[in-house]
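Peer 1: Model the following, please.
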Amino acid sequence: MQRHVTLRLFRQGTAAEVTLTFLLLVAVALLFTDALWKSSNPIRQTIATAVYPFQRLVMLPKDALKAFDGWLNAASLIKTEGEALQRQRIEMAQVTTRAALLNAENEQLRRLLGVVEKAAERPAVVVEVLYEPSSPFVRRIVFNKGTRAGIAPGMPVIDESGVVGQITRVTAMTSEAAMLTDEAVSIPVQVLRNGLRLIAFGSGSPGKVEVRYFSSDADLKDGDTLVTSGVGGVFPPGLFVGRIDRVERSPASGFARAEAKPLSHPERNRHFLVLQVSLDGEQAFLTPSTAASVTEPVRAPATGK
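Peer 2: Predicted structure coming up:
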C-alpha cells in the first residue's frame, strides 16, 4: 500500500532575523550585567581556565621562535663581550708593560741626573739608543743625537755606573759610540785602592777589558776597582771603569796582564750621557761647528804607572 508523502516547498521555523535580534539583545544584556554587577566573573574565570591550555598550544610555535632568537642573541652577545674583554686584557697588559718600562726609564734618568749634579761643571748631552749594529767583531751603539747637539768624536759616554764607551763617529743627527769592551777603546785608569795608574784596553773576550803593559810586581789584585785617572783630559777623573777579575803575572818577561769586568751596563739602559769635554784643552765643550770639523776619534795618551 502506497504511502503519501507531503512535499515541503517552504522552510518552516524561526526566521534568521529573529534569531539574530534575540542574540544581539542577549549580548547587550550580558554587557550591561558584566559592567554593572561583575556577576559573570566566576563564569569568565572558569571559561578562561578551560581555554588556557588551547591558548598556550596555539602560541607554542611563536614562543619557541622567540626563545630560539633570544638564545642566538645571547650567544652573539656573550661572544662579543668575550672578545671585548680579551682585547681589554691585552690593552691593559700593554699599558702595564709600558708603565713598567717608563718607570724604569725614569729611574735611570733620575740616576743620570744625579751624575750630572755631581759633575755640574761639565756639560753633558742626554742621548737615547737608536739601534745596536749587529757585528761579532765590534761593540757599537748608535745614538739619536749628533753634531747639532754638540757631540764630537772622542767624547766619553757614561751611565750611572761609570764609563760606557767613547764616541767614534758622528753625523748631524746621530752618533756612534764604541763600547768599553771594543778593541778601539783605550782609557787611562788608576786603581782606586792605591792610585796605581794603568791603561785599560778593549778585549776580544765578550764583556771584558784588559789591563796591559805593567810590571809583574805591581800592586794589583783580584777585586780591585778601576777608575779613570783623568790623564790626557778626555775622560774626567773618578769615573768607574771596571773591577779586576784575574791577574796573570809572567816573572820571565817581567810584565803582567789583567782582566776586568766593566761596571757599566749598556745592554740594560736606553739613555746615556755624552760628556762634552774639552778636546783641544781650551774650550769647555765643543760647539756644533767645531764638532763637525773633527773627523777622527781622539785617544788619550798612553801612560805608565
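Peer 1: What is the burial count for the closest residue to residue 149 other than its chain neighbours?
Peer 2: Distances taken as Cβ to Cβ, 6 or more residues apart in numbering place residue 125 nearest to residue 149, at 5.0 Å, with adjacent residues excluded. C-betas here are computed from N, CA, C, even on glycine. Using other Cβ atoms under 10 Å, residue 125 has 19 neighbouring residues.
Peer 1: So what touches stretch 217-231?
Peer 2: With contact meaning Cβ atoms under 8 Å, 6 or more residues apart in numbering, stretch 217-231 is reached by 162-163, 187-194, 196-198, 200, 211, 214, 235-247, 256, 258, 260, 263, 300-301, 303, 305.
Peer 1: sorry, that was for stretch 247-256
Peer 2: Under Cβ under 8 Å, 6+ apart, the answer for stretch 247-256 is 212-216, 218, 220-222, 257-258.
Peer 1: Can you pick out the most distant pair from these?
Peer 2: 213 and 222 (19.2 Å; Cβ to Cβ).
Peer 1: can you give me the helices for the stretch 151-300 of the chain?
Peer 2: 288-293 (DSSP state H, counting those that start in this stretch).
Peer 1: Can you tell me which of the contacts of stretch 217-231 are buried?
Peer 2: 162-163, 187-191, 196, 198, 200, 211, 214, 235-236, 239-242, 244, 247, 256, 258, 260, 263, 300 (16 or more other Cβ atoms under 10 Å).
Peer 1: which ones are touching residue 140?
Peer 2: 132-133, 168, 176-179, 182.
Peer 1: Let me see the ranges of the strands in this protein.
Peer 2: 124-131, 140-143, 156-159, 162-170, 175-179, 186-191, 197-202, 209-215, 225-228, 240-250, 255-262, 271-275 (DSSP state E).
Peer 1: Tabulate those (TSV), appending mean pLDDT.
Peer 2: TSV is the format used below for the strands of the chain (pLDDT from 0 to 100):
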stretch	mean pLDDT
strand 124-131	88
strand 140-143	91
strand 156-159	90
strand 162-170	92
strand 175-179	92
strand 186-191	91
strand 197-202	91
strand 209-215	89
strand 225-228	92
strand 240-250	91
strand 255-262	91
strand 271-275	89
